[in-house]
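*Asks:* Return atomic coordinates for the entry below.
(2 chains)
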Amino acid sequence: MNAPHQPSYLSATVGIRSWLLTTDHKRIALLYFAGITFFFFIGGIAATLIRLELITPGPTLGSPDFYNRLFTMHGIIMVWFFLIPSIPTTMGNFILPMMIGARDLAFPRLNLASWYLYMAGGLITLAALVLGGLDTGWTFYEPYSTFYATGYLILGVFGIFVSGFSSILTGLNFIVTVHKLRAPGMTWYRLPVFVWSTYATSLILVLATPVLAMTLLMLLAERVLHVGIFSPQLGGDPILFQHMFWFYSHPAVYIMILPSMGVISEVVPVFARKPLFGYTFVVWCSIAIAAIGFLVWGHHMFVAGQALYASLAFSFLSYLVAVPSAIKVFNWVATLHEGWIRFDAPMLYAFGFIGLFTIGGLTGLFLAALAVDVHVTDTYFVVAHFHYIMVGGAVMGFFAGLHYWWPKMTGRLYPDYWARFAAILAFFGFNLTFFPQFILGYLGMPRRYQSYPPEFQVWHVLSSAGASILAAGYALPLFYFAWSILRGPRAPANPWGATGLEWSTRSPPPPENFVETPTVVRAPYQYVQGEPRMQAGDV
Amino acid sequence: MSERAIGFQYATIAQQREASTLGMWAFLATEVLFFGALIAAYLNYRIWFGEEFIAAASLTKVALGTANTAVLLTSSACMAMAVTTFDAGSKRAPIMWLAATAALGLLFVAIKATEWWLEYQEQLVPALNFDLARHGGVAEIFFIFYFCATGLHALHLLIGIGIVTWLAVGIGRGRIEPAGSTTRLVGLYWHFVDIVWIFLFPLIYLAGRTT
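*Replies:* Down below sits the predicted model:
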């Protein structure tokens, strides 16, 4: 299948222009991979410095102001320039059109423009962080950002504003592609779950991001012109800023986690050799999470002064949004039941996701409960909770997908032993980093503080030790993936014996994805229990 | 933006047309949320400040605003005529209608600029020359929203005028295929900018005018 006279998307054209001006969704996905990886390690360096700083109860590396800028940098980079774009722009861009049998996204040039907007926004914000940083935290709460913040707030916020358009245009592109570019026979209920969850994510991207754009514009107007919108000193309403900020930023959590759930729904059936249990429930739970996710933002404001009845409603709705997430977890577990399970690297990451996401989700219920939330608001309990979702969930899902589709994207295999080792290392490192933070938070350690009472030190040292293991777990793939590209054995078209149209074409795929537009005749995940491989020609 | 070639990712021209149309609707959905956030914040203060906010709203130039509403609605009618005549196969008529659309759009911006000039002279522009002692802090917040909303709307309109002009030139040079969707997409955008104004006009100009 890899005859040299058949060019792949990697070899069809050469030169730097053929990459920077490409409209091929697969090449744009790789451009995004470069950007995402860069920002992931920038944010990771900030995280490393945070954990280093917190080893001692007093100042270790620098002043409290330095620490403020450090965690702000970590939050901004990780949220807006890694987590939100991570899976949709890389694996979504690469795999989604192939999964539905399309030759590209609906608007390829818009797709390239999205990448440039993402990189421009990222570099603008990075410039602000390098010049001296911001000290507001990633949430830019008012009146702090207008009156008291001293850093490069305007530049940093402007970069986020610019990259927001990248999110919107990517979401728009995916929505239209899923609606209009499905291959013959690819009905909605034959779509792989990854397509459904990326579609649900795209709805949030298109409908929530503009609210952030407007909020940031108003924030910039207030900061630059000193006119009253949010600051009480100028007659404004700071709670309004929190409402508008979280109207975007809570759905943004689902932008981060829904694509990972899609990846897990792909990986689990392949390595359990069973059809996905309750396909229709899983896909409609994606839509339900996207929809209900718009109605829970007030749970970030239980102690901020919003009306008690509003808090009650938001508390109830926050419990409600946990239901479709829980249904998904049960479906994955039921898929494993009596499966023919293989423990390849993608599956290990998927197991990591299921366990860590469940812990993150359940502790989210603690925080949705009004009384408990008052006790743990702004403590390390919250920090631990959302890292279980965003790192234990979203990043594990990212690595699961990366290891699953790597042979398809590069046409090379990677050393499975090292990949499994990295997955296990990351799982242990992650738990050692963040589980102590639940305890710290419950004992009363507030977030965003450089100094803490000496009796907390043992938990902080445990957490920092875990962070170094986690860092090793994240650095290892750099090495074996580099080796894979340079020396790795060539990958067959379908190394996992998986169903799905993306596996029916060559690895790496030809520029037009499919030599002939495929026709789909059956639902996804038609694995026969106990049979190690699909039959040739099955899709 | 040329429609001569069908994109290689599409099987038929109809598929391409449907995709472009859905793309425009999705873009407009984004725009609804963009302006919706501003309007929601405005309403928050409208309810919070009540009478003081209405008093500030009475400082707007309701006659000019009403005239502008008529101008913009007429421009939308011209846009609709441009789409209809182009679909009917005419070439001259849509160009004329598009020219009328753009001209009315420019007239709207001119009237809007006149309003802003008058407000500048009355020292109603926050951050430039707002007379806090005369008008009060609540009025300042009202006028921040007024300038943000009408400014962003005018920006959208200017972009629309540019696109309409480009479309008219394109039709004149035969670059726009009748089977394509470009004219309809431009029309959708123009009508959307019109609809934003349909919300802004009563919210800004008519607040409390009935009593």
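*Asks:* Low-confidence ranges, chain A, go.
*Replies:* By pLDDT under 70, the low-scoring segments of chain A are A:1-5, A:529-539.
*Asks:* longest helix of it?
*Replies:* When chain A is parsed with DSSP state H, its longest helix is helix A:238-272.
*Asks:* next SSE after that one?
*Replies:* helix A:279-292 (DSSP states H and E).
*Asks:* is chain B contacted by that following helix?
*Replies:* No. Where contact is defined by CB under 8 Å from any CB of the partner chain, no part of helix A:279-292 touches chain B; the two come within 13.8 Å at best. The C-beta positions use only the backbone N, C-alpha and C, and glycine is treated the same way.
*Asks:* residues from chain B in reach of chain A?
*Replies:* B:7-11, B:15, B:18-19, B:22-23, B:26-27, B:29-31, B:33-38, B:40-41, B:44-45, B:48, B:126-127, B:137-138, B:140-141, B:144, B:148.
*Asks:* Separate out the buried members of the residues you listed.
*Replies:* B:7, B:9-10, B:15, B:18-19, B:22-23, B:26-27, B:29-31, B:33-38, B:40-41, B:45, B:126, B:137-138, B:140-141, B:144, B:148 (16 or more other CB atoms under 10 Å in any protein chain shown).
*Asks:* mind listing which of those residues are in helices?
*Replies:* Checked against DSSP H, these include these in helices: B:15, B:18-19, B:22-23, B:26-27, B:29-31, B:33-38, B:40-41, B:45, B:137-138, B:140-141, B:144, B:148.
*Asks:* contacting residues for residue 178?
*Replies:* Since no chain was named, I'll use chain A. Applying CB atoms under 8 Å, 6 or more residues apart in numbering or on different chains to residue A:178 gives the contacts A:96, A:100, A:191, A:195, A:198, A:199, A:202.
*Asks:* you looked at the wrong chain, it should be chain B
*Replies:* B:86, B:87, B:89.
*Asks:* Repeat the analysis, applying 10 Å as the threshold.
*Replies:* Contacts of residue B:178 were listed using CB atoms under 10 Å, 6 or more residues apart in numbering or on different chains, and they are B:3, B:86, B:87, B:88, B:89, B:90, B:91, B:94, B:171.
*Asks:* all helices of chain B, in order?
*Replies:* Going by DSSP H, chain B shows helices at B:13-49, B:51-57, B:62-87, B:92-121, B:132-135, B:137-172, B:182-205.
*Asks:* and the angle for the first one with helix A:238-272?
*Replies:* Translated: helix B:13-49. 140 degrees (axes from the mean of the first three to the mean of the last three CA atoms, to 10 degrees).
*Asks:* Packing partners of helix B:13-49?
*Replies:* helix A:153-180, helix A:193-225, helix A:238-272, helix B:51-57, helix B:137-172, helix B:182-205 (3 or more CB pairs under 10 Å, 6 or more residues apart in numbering or on different chains; DSSP states H and E).
*Asks:* Once you drop chain neighbours, what's closest to residue A:518?
*Replies:* Spatial nearest neighbour of residue A:518, chain neighbours left out: residue A:101 (4.7 Å); criterion: CB to CB, 6 or more residues apart in numbering or on different chains.
*Asks:* Does that neighbour fall in a helix, a strand, or a coil region?
*Replies:* At residue A:101 the chain is in coil, as set by DSSP: H, G, I helix; E, B strand; the rest coil.
*Asks:* From residue B:58, how far off is it?
*Replies:* 60 Å (CB to CB, to the nearest Å).
*Asks:* again with residue A:485
*Replies:* 68 Å.
*Asks:* likewise residue B:13?
*Replies:* Taking CB to CB, one finds residue B:13 at 54 Å from residue B:58.
*Asks:* which of those two has more neighbours?
*Replies:* Using other CB atoms under 10 Å in any protein chain shown, the more surrounded residue of residue B:13 and residue B:58 is residue B:13, with 15 against 12.
*Asks:* got a list of what the more buried one touches?
*Replies:* Contacts of residue B:13 by CB under 10 Å, 6+ apart are B:3, B:6, B:7, B:177, B:179, B:180, B:181.
*Asks:* do the same with residue B:85
*Replies:* B:91, B:92, B:93, B:94, B:95, B:96, B:97, B:98, B:183.
*Asks:* So the longest helix of chain A, near chain B or not?
*Replies:* Yes. On the criterion CB under 10 Å from any CB of the partner chain, helix A:238-272 is in touch with chain B at A:239, A:240, A:241, A:243, A:244, A:247, A:248.
*Asks:* Now flag whichever of the residues you listed is closest to residue A:449.
*Replies:* residue A:241 (22.9 Å; CB to CB).
*Asks:* these two touch, right, the closest one and residue A:212?
*Replies:* No. If you go by CB atoms under 10 Å, residue A:241 and residue A:212 don't touch, sitting 11.6 Å apart.
*Asks:* Sketch out the low-pLDDT regions of chain B for me.
*Replies:* B:1-5, B:211.
*Asks:* I'd say residue A:258 and residue A:290 touch.
*Replies:* Yes. Using CB under 10 Å, residue A:258 makes contact with residue A:290 at a distance of 6.8 Å.
*Asks:* Those two: which is more packed in?
*Replies:* residue A:258 (31 against 25).
*Asks:* can you tell me which residues contact that one?
*Replies:* Residue A:258 touches A:87-88, A:196-204, A:251, A:285-287, A:289-290, A:293, A:325, A:328, A:394, A:397, counting by CB under 10 Å, 6+ apart.
*Asks:* what separates it from chain B, distance-wise?
*Replies:* Noted for residue A:258: a distance of 18 Å to chain B, by CB to the nearest CB, to the nearest Å.
*Asks:* how much space between that residue and residue A:394?
*Replies:* For residue A:258, the distance to residue A:394 - CB to CB - is 9 Å.
*Asks:* Helix A:153-180 and the longest helix of chain A, what's the angle between them?
*Replies:* 50 degrees.
*Asks:* and the angle for helix A:238-272 with helix A:193-225?
*Replies:* 160 degrees.
*Asks:* Centre of the chain to helix A:238-272, how far?
*Replies:* 7 Å (CA atoms, centre = their mean, to the nearest Å).
*Asks:* One more: stretch A:352-370?
*Replies:* 16 Å.
*Asks:* and what of stretch B:36-48?
*Replies:* 19 Å.
*Asks:* how about it as CSV, C-alpha atoms only?
*Replies:* What follows is stretch B:36-48, C-alpha atoms only, in CSV (Å, rounded to 0.1, in the frame of the first residue of the first chain):
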residue,chain,number,x,y,z
GLY,B,36,-26.4,39.8,22.3
ALA,B,37,-23.7,40.0,25.0
LEU,B,38,-23.5,43.8,24.6
ILE,B,39,-27.3,44.2,24.7
ALA,B,40,-27.6,41.9,27.8
ALA,B,41,-25.0,44.1,29.6
TYR,B,42,-26.9,47.2,28.5
LEU,B,43,-30.2,45.7,29.8
ASN,B,44,-28.6,44.9,33.1
TYR,B,45,-27.9,48.6,33.7
ARG,B,46,-31.2,49.6,32.1
ILE,B,47,-33.0,47.6,34.8
TRP,B,48,-30.5,48.4,37.6
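*Asks:* Sweet, I'm off.
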